[in-house]
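1. sequence and predicted structure, then a few things I'm wondering about:
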Amino acid sequence: MLKRNLLIAILTVFSLGFLGLQLLEYEYYAMGFRAILLLFLTVLYAVSVKNRGLFFFLFLITYTLSDIINFFTWEYYLEENERDYYYYIGNAMYILSYMFLIAQLLTSLNVKKVVVKLPFHAFVLFVLDCFCVVVVTNTTKEELGVYPFVLEFVYNAVLMLLLSLALLQYLYRDDKKAMNFLIGSICIVFYEVLQLAYFYVSEVTILNVICSVFFVLAFVFFYLQSRLTYGESFQLVNS
C-alpha cells in the first residue's frame, strides 16, 4: 500500500510537470517527463495489480519504450536524402502497443456474438471508422510522402478499431471496467487527433496542452480499468 501511494504521488507530480512544461512550450523536457511518467505507471501497474493482463502489460511496456526512443532521438538531425528510421520505428511501436490493447480487449469480447446481436451498431461503427480514418489521414497528405502517409493511415485505422471495439465491449458488458476502458479509448483518440492537428494544421500552444490533458486522462482511465474485473454482461447479449 505504501509503495502504491508513493508511486501515485510521484505520478501526480510528473503529470503536473508534464502539463506545465507543455504550457511553457518546453517540449523536449516535457517528452522526458512523459517518458518517466509512463515508466512509473508501468511499475505501478506491476506492483499494485494482482491479476495482471499480459497484453495490457505489453501495451504499457511498448508505449513506454517508444516514448523513450522519441526522447533520445528528439534532436536527431537527418542528412540530406536520409530516411528517418526513428520515425518509422517509433510509430510502428505505438501501433504495436495499441494492437496489444486491442488484443487485451478481444480476450474478453466475443466479437461474433456481439455483431450478431448488434448488427446495426457494428455496421454504423464500421462506416464511421472508414470515414474518420480517411478524413483524418488526409489532413497529413500534403505534408507526408507515400510511406509515411501509409504508416499514418494504418496508425489511424488501428486507433479507430480500438475505439469501436471499446464501444462494443461497453454495450456487451455494461459495467464500470468497460466504461473506464471506453473513456480511456476516447481520450487516446482525441489525443492522437489533436496531436495531428497541432503538428500539421496549427502549432497553437493551448492545442498542445489540451492534447496532453487527454493523454494523461487516457492513461488514468486505462489504469483504473486494469484494477477492476468485469461484472455481469449486458442483458441483450445473454438473451
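-> Looks like it came in fine.
2. separation between Y155 and Y87?
-> Distance, Y155 to Y87, by Cβ to Cβ, to the nearest Å: 12 Å. Heads up, the C-betas are built off the backbone N, CA and C, glycines and all.
3. and these two? Which one has more around it.
-> Neighbours per residue (other Cβ atoms under 10 Å) separate Y155 from Y87, with Y155 holding more: 20 against 16.
4. nearest residue to that one other than its sequence neighbours?
-> In space, and not counting its chain neighbours, Y155 is closest to I95: 5.5 Å by Cβ to Cβ, 6 or more residues apart in numbering.
5. so which residues of the protein form strands?
-> In the chain, no strands are found when defined by DSSP state E.
6. packing partners for the longest helix anywhere in the chain?
-> When every helix of the chain is counted residue by residue (DSSP state H), the longest turns out to be helix 146-173. Packed against helix 146-173 by the contact rule (3 or more Cβ pairs under 8 Å, 6 or more residues apart in numbering; DSSP states H and E) you find helix 85-106, helix 111-117, helix 119-138, helix 176-200.
7. can you tell me which of these is most buried?
-> Greatest average neighbour count among the helices and strands packed on helix 146-173 goes to helix 176-200 (a mean of 20), per mean count of other Cβ atoms under 10 Å.
8. can you list contacts of that one?
-> By Cβ atoms under 8 Å, 6 or more residues apart in numbering, the residues outside helix 176-200 that reach it are 105, 136, 139-140, 143, 155-156, 159-160, 162-163, 166-167, 169-170, 172, 204, 207-208, 210-212, 214-215, 217-222, 224-225, 228-231.
9. got a quick PyMOL command for the buried subset of those?
-> The PyMOL selection below is limited to those of the contacts of helix 176-200 classed as buried (16 or more other Cβ atoms under 10 Å):
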select buried, resi 105+136+140+155+156+159+160+162+163+166+167+169+170+172+208+210+211+212+214+215+217+218+219+220+221+222+224+225+230
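10. can you put the helices and strands packed on helix 146-173 in TSV and add distance to V47?
-> Putting the helices and strands packed on helix 146-173 into TSV (distance: least, Cβ to Cβ, whole Å) gives the following:
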stretch	distance to V47
helix 85-106	19
helix 111-117	33
helix 119-138	36
helix 176-200	20
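11. least confident of the ones you listed, on average?
-> The minimum mean pLDDT among the helices and strands packed on helix 146-173 belongs to helix 111-117 (a mean of 80).
12. next one: it to chain centre, how far?
-> 25 Å (Cα atoms, centre = their mean, to the nearest Å).
13. go on, stretch 206-220?
-> Chain-centre distance of stretch 206-220: 11 Å, with Cα atoms, centre = their mean.
14. if we can go back for a sec, any idea of the mean pLDDT for the longest helix of the chain?
-> Averaged across helix 146-173, the pLDDT comes to 88.
15. then stretch 40-50?
-> If you average the pLDDT values across stretch 40-50, you get 89.
16. send me it as PDB with only the CA atoms.
-> C-alpha atoms of stretch 40-50 as PDB (Å, rounded to 0.1, in the frame of the first residue of the first chain):
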ATOM      1  CA  PHE A  40       6.400   4.900 -13.200                       C
ATOM      2  CA  LEU A  41       2.900   4.000 -14.400                       C
ATOM      3  CA  THR A  42       4.200   0.600 -15.700                       C
ATOM      4  CA  VAL A  43       5.900   0.000 -12.400                       C
ATOM      5  CA  LEU A  44       2.700   1.000 -10.500                       C
ATOM      6  CA  TYR A  45       0.700  -1.500 -12.600                       C
ATOM      7  CA  ALA A  46       3.300  -4.200 -12.000                       C
ATOM      8  CA  VAL A  47       3.300  -3.800  -8.200                       C
ATOM      9  CA  SER A  48      -0.300  -2.900  -7.500                       C
ATOM     10  CA  VAL A  49      -2.400  -5.100  -9.800                       C
ATOM     11  CA  LYS A  50      -2.500  -8.700  -8.800                       C
END
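17. nothing else from me, thank you.
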